[in-house]
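A.B. asks: When you get a sec, could you give me coordinates for this:
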Amino acid sequence: MKQGTTLRLRLAQSCLALAAVLPLPPAAASTVISELLYDVTGTDSGLVFVELFGTPGTVLDGLVLEGVNGTDGSVYHSVTLTGTIPGDGVFVIGDDSGNGTTLVSNADLVLDVDFQNGPDSVVLRDSNGALDALGYGDFTGLVFAGEGSAAVDVATGWSLARSNPLLDSDDNGADFIGLSVPTPGVVPASTVPLPPALALFLSGLVGMTGVARRRRRH
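C.D. replies: Modelled structure (predicted):
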């Protein structure tokens, strides 16, 4: 990686961490689902993932990801999370290949997160109820467990990604876009609304298009 690119990525990581301790806009979300890859070409095993975005240092122990069947609204799969959101605010759960490892880059946790193709929903819960939910596909006559309107059911190999990880409008159709190249561990920085103090600090920076995170071995 070129030195200039490395510097921009490090600055982006530092700025996102700083944003976490400064006041956020009223509509700012807490821990949310920021990207989901649920269908790849061939077998999904070890290749699909769920990405969360939230305040660095947030403990995820006890939170649950549920797959909700669009046909009847039943919970067909549930996994319990562990770990802490790292300093860049991005936490990736990579699918288990079957031996406790994953092929997903930047994974912080390895679990069976091979959720069904749409129309279905994935719900993030704590002990008090749903924190966030993403429904994808055409739910006409079916059971939608997401928020607002459903996100599209993207093509094989595409992921659904939250266009602005700091804001949650409670409408999946408005909040999520399809990505032809999934980006586990990376969230867009150019669309993140920043507190005024941080925006002023960043006013002289250009060319910063993404927040990348370091690779981690587990």
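
A.B. asks: any idea where the helices of the protein begin and end?
C.D. replies: Counting by DSSP state H, the chain forms helices over residues 3-21, 172-175, 196-201, given from the N-terminal end onward.

A.B. asks: what's the weakest-modelled helix or strand in this structure?
C.D. replies: helix 196-201 (a mean of 41; mean pLDDT, DSSP states H and E).

A.B. asks: With adjacent residues omitted, what lies nearest to the residue most central in space within the chain?
C.D. replies: Centroid-nearest residue in the chain: residue 34, 2.3 Å away (criterion: C-alpha atoms, centre = their mean). On the basis of C-beta to C-beta, 6 or more residues apart in numbering, the spatially nearest residue to residue 34 that is not a chain neighbour turns out to be residue 53, at 3.8 Å. (Glycine included, C-beta is placed from N, CA and C.)

A.B. asks: Please tell me I have it right and that neighbour contacts residue 165.
C.D. replies: Yes. The criterion here is C-beta atoms under 8 Å, and residue 53 meets it with residue 165 at 4.0 Å.

A.B. asks: what touches both of the two?
C.D. replies: Among the neighbours of residue 53, those also in contact with residue 165 (C-beta atoms under 8 Å, 6 or more residues apart in numbering) are 32, 34, 89, 187.

A.B. asks: Tell me the one of these nearest residue 158?
C.D. replies: Using C-beta to C-beta, residue 34 is the member of the shared contacts of residue 53 and residue 165 that sits closest to residue 158, with 15.3 Å.
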